[in-house]
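Engineer: how does the following fold in three dimensions:
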Amino acid sequence: MQDNENKVALVSGANTGVGFQIAKALVENGYKVYVGSRDLQKGKEAVEQLGGSSKAIQLDITDSGSIHSAVEIVKKEYGYLTLLVNNAAVSHAGTPGRTLEEIMNAQRASIAPISELKKVWDTNVFGTLALTQAFLPLLHKAPSARIVTVSSALGSLTINSNPENPYRSNFDAVYGASKTALNGIFLSLAIDLENTGIKVHLVSPGFTATALNNFQGTDSVEEGSKEPIRVALAEDLPTGSFTGPADFSGKDHILPW
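Structural biologist: Predicted coordinates for the structure are as follows:
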């Protein structure tokens with residue numbers, strides 16, 4: 001097992017919110033951390049707060065050129081990656097300034113604009129997988145490696161198919177279903193990699209107040225980051241896990257698919 005000081009992590013969307021908190025915890029635990037941010041200046045500002053062995057890296061997961069450049073930087077500086085945290089995501093692609101309720105109502109399957117659905121899925125699903133595929137060669141070069149992808153309990157088909165779930169009306173075709181697709185793809189990846197040294201985990205932060213929901217979430221970013229941080233730091237979880245905060249996910253944080 002590597003000492004933490006030899007462990008290298010990259011967190012996408014790490015300049016703010018849950019991603020920033022994950023990066024902060026990794027820095028505090030001795031990791032060398034690349035702070036991925038679409039806006040490099042915002043990434044640099046985050047690094048000024050994080051200190052330690054953190055470094056800003058320009059990363060737009062919908063841009064293949066940006067992904068390639070990030071891979072080349074990590075490859076040149078370390079030659080391997082111990083931990084990839086897929087945190088970057090968007091909740092909508094429509095008119096800005098709307099309330100969370102207005103956004104979710106507009107994203108119902110019966111009326112959601114296909115163009116907006118494609119744009120959100122391009123980040124949450126395709127961009128996340130593209131980033132992961134690009135970094136797999138460097139993850140394979142680590143003695144042991146992990147991929148932690150921030151998903152959502154909102155993507156659980158089991159939870160949303162239960163008529164007793166008071167929040168099932170929030171399961172929309174744009175954001176919610178993008179997390180369902182994300183779960184499916186990364187469970188497939190966990191199966192694909194189960195005979196390698198790479199573990200794959202999915203984690204829900206809960207309903208956290210971030211820019212994704214116009215800061216209307218019920219949990220503070222610090223509270224909502226606890227489970228993603230736990231999973232990011234844990235090395236003994238079984239691959240293919242899907243977990244969430246203990247207050248709603250029950251025993252051992254396990255969420256149903």
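
Engineer: residue ranges with poor pLDDT in the protein?
Structural biologist: Applying pLDDT under 70 to the chain flags the ranges 1-2, 207-219, 246-252.

Engineer: and the helix ranked longest in it, how far from the chain's centre?
Structural biologist: Secondary structure of the chain per DSSP state H: the longest helix is helix 176-192. In terms of CA atoms, centre = their mean, to the nearest Å, the centre of helix 176-192 is found 12 Å from the chain centre.

Engineer: so which elements touch that helix?
Structural biologist: Using 3 or more CB pairs under 8 Å, 6 or more residues apart in numbering; DSSP states H and E, the elements in contact with helix 176-192 are helix 114-121, helix 128-140, strand 145-150, strand 198-203. Glycine gets a C-beta too; all of them are placed from N, C-alpha and C.

Engineer: ok, 6 Å please
Structural biologist: Counting contacts by 3 or more CB pairs under 6 Å, 6 or more residues apart in numbering; DSSP states H and E, helix 176-192 packs against strand 198-203.

Engineer: so what's residue 142 up against?
Structural biologist: Residues in contact with residue 142, defined by CB atoms under 6 Å, 6 or more residues apart in numbering, are 80, 82.

Engineer: one more pass at 7 Å, please.
Structural biologist: Residue 142 makes contact with 80-82, according to CB atoms under 7 Å, 6 or more residues apart in numbering.

Engineer: try residue 187
Structural biologist: Listed by CB under 7 Å, 6+ apart, the contact set of residue 187 reads residue 240.

Engineer: okay, how far is it across stretch 83-95, tip to tip?
Structural biologist: The first and final residues of stretch 83-95 sit 35 Å from each other (CA to CA, to the nearest Å).

Engineer: over to stretch 104-123?
Structural biologist: OK, stretch 104-123 end separation, CA to CA: 18 Å.

Engineer: re the thing from before, return the alpha-carbon coordinates of the longest helix of the chain using CSV.
Structural biologist: What follows is helix 176-192, C-alpha atoms only, in CSV (Å, rounded to 0.1, in the frame of the first residue of the first chain):
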residue,chain,number,x,y,z
GLY,A,176,-32.3,12.6,-12.2
ALA,A,177,-32.3,10.2,-15.1
SER,A,178,-28.7,11.3,-16.0
LYS,A,179,-27.7,10.0,-12.6
THR,A,180,-29.5,6.7,-13.3
ALA,A,181,-27.5,6.4,-16.5
LEU,A,182,-24.3,7.3,-14.7
ASN,A,183,-25.0,4.6,-12.1
GLY,A,184,-25.5,2.0,-14.8
ILE,A,185,-22.4,2.9,-16.8
PHE,A,186,-20.2,2.9,-13.7
LEU,A,187,-21.6,-0.3,-12.4
SER,A,188,-20.7,-1.7,-15.8
LEU,A,189,-17.2,-0.3,-15.3
ALA,A,190,-16.9,-1.9,-11.9
ILE,A,191,-17.7,-5.2,-13.4
ASP,A,192,-15.3,-4.6,-16.3
